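Student: sequence plus predicted model, see below.
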Amino acid sequence: MHISNIKIKNYRGIKSDELDTSIFTCIIGENNAGKSTILLATSLFFSGTSLSKSDFHDKEEPIEIELTFSEINDGDINRLSPDHRDRIKEIIIGDKLTLTRLYNTDGKSDLLCNRLAPKEGKYGKDVVGAIMKGKKGKEISQAVIEILPQHAEKFEGLTTQKDVFAKLDEVIAELPAEQKEMKLAPLPTGIENSVKILLPEPIYIAAVKDLKDDIKSKESATFGKLLSILMRFLESSEHFERITDSFDDLHKLLNVVNVVREAEQITDNRIEKLQDIEKQIGSFLSENFPKSKIEIEIPKPELKQVFTNARLLIDDGVRDIIETKGDGIKRAVTFALLRTFVEQYKEQRKEFAAMKKVDAEENQEDAEAVIEISEQPYLFLFEEPELYLHPSAQKILFAALEKLTEVNNQVFVTTHSPMFFSPNSTGTFVKVIKEYPTEGKPYGKFLTINFLKEIAAKDAFQIICYENNTAAFFSSKVLLVEGDSDIIYLKETAKLLNPEWDFDAHNIPIISINGKSNVKRFTDFYSFFQIKCFCIVDSDALIDGFEKFTVSEDIKKQREELLAILDKIASEQGIQADLPASKIKELVRRYSWKDRYNKLKELGLKIKAGEVLTEEETLEIDFLFIEEENNLRRKIFTDNAIEIPEKYSLLAALRSLDIFILSHGAIESYYPEGVTGDDKPTKALNAAAILRSHEDCRLHLPTIKIDDEEVCELEIIFGKVFS
């Protein structure tokens, strides 16, 4: 089982919203947007800790935290006691269970469920409970019959509230469907406490401990929980029997189970001091109640209770408990505990598998059917796991968290680290966006992106993660460019044209997409995160690869008309354009040039002999001519001496879609003349170094015609990006 949906209403900075979750959920967003609030609300659902007025977004409204648990199977249900299994099935729909922690404005809460409940309020347990309050014996049934007279025979003679509530469940179950509706209602009688064993056990690991914040578990409690789940591996060890035997011995020393009664001889083998204390209490009690006897019973210690109180001692020159140490070492210890859990679990699985194999070989006969009981899973709520960890350590921790999810646990993390993204395990991202309404308090909104459902998005995610800076996930805008040279030159040029156009200061990442062919995949991916995409590409994109842009049919038509005009100009003016060296190099990369030459020679001889070429052979020849045709179009398009109004109107239409096609060709055409460099990035750096001021930019940067006026093209582009 796992949590599949969370709804939060009126808690802290969350007004009302919901998010879908998967086995591994990453919560991202800017600081103070509400990421931690999601984890805190999830933790509150399980704990029910009392809240103060400051925790209510609207102090006059209740807080609702609703969790939906999915894929519940019989193994999960069998964790409950037998008498509660059928009752829990009443509120499980399909394989889903939806529960709500409802906080009233006094800060106290109830755990409720969504179930068919009577439309009439008089059947509510709160109403019936209020009627019975302060009453005893027959008064209880009489009071209930007064408000539910049609069910008098059901309640007649009941003298306890427990019996009344049990009978009330029967009455509600027998009501006709038209008298019921789905709404929040109390859990079936008796299972509110036992339901905890059905649900995952939460472990909250806070980023920064605030001792005044009672909701974030005390650090000692967190470390204790992590230690306790590790200590449970002792149950499968060879020493476990010795531990339990020692518990039995301790129990006998402290309890009357060790009293021997033989032939009127009573031997009490408990420790003498305990017997003395018990006798002394008894003697004082007998002064007022002579016939009463008292007995001290000390429960046998359980392994879980013992280990929950375990402490970690660190000797870093000073031996002391972990809580007294710095945040860095605390984080590292948490890291070590989680990794140890994963390794211990793997070893335990191997041992169990080996034992099952032996049992199967030794017991060939059909064994009696046994009730399958699934282990109670853990829910790890981890705030900023990357804190205080070196990037390489972050990768290792992320791998450990991945492993946790492989063993039936669920992990929610809030993070700013690109190390915590994986197409293999990170099924869901939740981006928290802060909204600032014109009236009222600001609040966080959730944007859920589920890569397990979006196959195309998952494919794009792999490209983004491994080739680019995922810091863009924490921005509202991103500028896509073709290569590193564009990033270097555009960053510096923008600040020179206007000091306010600082990409870093405005948190607008410039992302290299390694060629225009990736435009659509990148824009599609960022759209899932509601990130506004701007795109700067060279003029070649208009000639070849235009299908990568999402544009209207009208713009596609404008582009076809422009290509026809370019071809007409080339024909009328007799313009020739040989393939440049860069294109020839591309052809060499795509084909073996020697093989191509030999093949074309062969085809030429074939034509000379009067033979007919196949369709494939014709395409091979056409390829070179198509490249020549496209190169001719590029030459005319970038020649600003040739007046083409249709060119400017198309570029303007594309700019309105945040697609900026450089009218002068590639980014190198925007460098000052005479710039050199050993490679493209060096050349871009040298070009940026020449431009020292706004006046230099005006002097060296090319212009474009807009409304019959020559303006700096990059200035127009940056103005739109930063608007």
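Tutor: Cool, the structure landed.
Student: need phi/psi at Asn114.
Tutor: In this entry, Asn114 is assigned phi and psi values of phi -90, psi 120 (degrees, to the nearest 10).
Student: oh, that last question was meant for Glu343, not what I typed.
Tutor: With angles defined as degrees, to the nearest 10, Glu343 shows backbone torsions of phi -70, psi -40.
Student: residues near it, how many?
Tutor: By other C-beta atoms under 10 Å, the residues close to Glu343 number 12. In short, each C-beta sits where N, CA and C put it, glycine included.
Student: can you give me the helices in the stretch 351-500 of the chain?
Tutor: 391-406, 455-467, 484-497 (DSSP state H, counting those that start in this stretch).
Student: what does the stretch 1-150 of the chain give?
Tutor: With DSSP H, counting those that start in this stretch as the criterion, the stretch 1-150 of the chain has helices spanning 35-47, 74-77, 82-89, 125-132, 138-147.
Student: hey, least reliable of those helices by pLDDT?
Tutor: For the helices of the stretch 1-150 of the chain, the bottom mean pLDDT is recorded on helix 82-89, which sits at a mean of 86.
Student: how distant is it from the center of its chain?
Tutor: Taking the mean C-alpha point of helix 82-89 and that of its whole chain, the gap between them comes to 32 Å (C-alpha atoms, centre = their mean, to the nearest Å).
Student: do the same with stretch 691-701
Tutor: Centroid separation between stretch 691-701 and its chain, computed with C-alpha atoms, centre = their mean, is 46 Å.
Student: also stretch 283-302?
Tutor: For stretch 283-302, the distance between its averaged C-alpha position and the chain's averaged C-alpha position is 55 Å (C-alpha atoms, centre = their mean).
Student: state the mean pLDDT of that stretch.
Tutor: The average pLDDT for stretch 283-302 rounds to 83.
Student: and it, how far apart are its ends?
Tutor: End-to-end distance for stretch 283-302: 32 Å, by C-alpha to C-alpha, to the nearest Å.
Student: in it, what's buried?
Tutor: Residues of stretch 283-302 include none that count as buried (16 or more other C-beta atoms under 10 Å).
Student: could we number from 18 for the rest of this?
Tutor: OK, 18 is where the count begins now, so the last one is stretch 300-319.
Student: which residues sit against it?
Tutor: Outside of stretch 300-319, the residues within contact range by C-beta atoms under 8 Å, 6 or more residues apart in numbering are 264-265, 267-268, 271-273, 291, 294-295, 298-299.
Student: nearest to Ser544 among those?
Tutor: Phe264 (59.6 Å; C-beta to C-beta).
Student: now do the closest one against Glu727, distance only.
Tutor: 90 Å (C-beta to C-beta, to the nearest Å).
Student: those two: who's more crowded?
Tutor: Taking Phe264 and Glu727 together and counting by other C-beta under 10 Å, Phe264 has the greater number of neighbours (15 against 11).
Student: which element, helix or strand, includes that one?
Tutor: Phe264 belongs to helix 257-271 when assigned by DSSP states H and E.
Student: in PDB, could you pull the C-alpha coordinates for that helix?
Tutor: Output in PDB follows, covering the C-alpha atoms of helix 257-271 (Å, rounded to 0.1, in the frame of the first residue of the first chain):
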ATOM      1  CA  PHE A 257      17.200 -12.900  19.500                       C
ATOM      2  CA  GLU A 258      16.300 -15.900  21.600                       C
ATOM      3  CA  ARG A 259      18.800 -15.000  24.300                       C
ATOM      4  CA  ILE A 260      17.300 -11.500  24.400                       C
ATOM      5  CA  THR A 261      13.700 -12.700  24.800                       C
ATOM      6  CA  ASP A 262      14.800 -15.200  27.400                       C
ATOM      7  CA  SER A 263      16.400 -12.400  29.400                       C
ATOM      8  CA  PHE A 264      13.200 -10.400  29.100                       C
ATOM      9  CA  ASP A 265      11.300 -13.500  30.500                       C
ATOM     10  CA  ASP A 266      13.700 -13.800  33.400                       C
ATOM     11  CA  LEU A 267      13.300 -10.100  34.200                       C
ATOM     12  CA  HIS A 268       9.500 -10.500  34.000                       C
ATOM     13  CA  LYS A 269       9.600 -13.400  36.500                       C
ATOM     14  CA  LEU A 270      11.800 -11.400  38.900                       C
ATOM     15  CA  LEU A 271       9.200  -8.600  39.000                       C
END
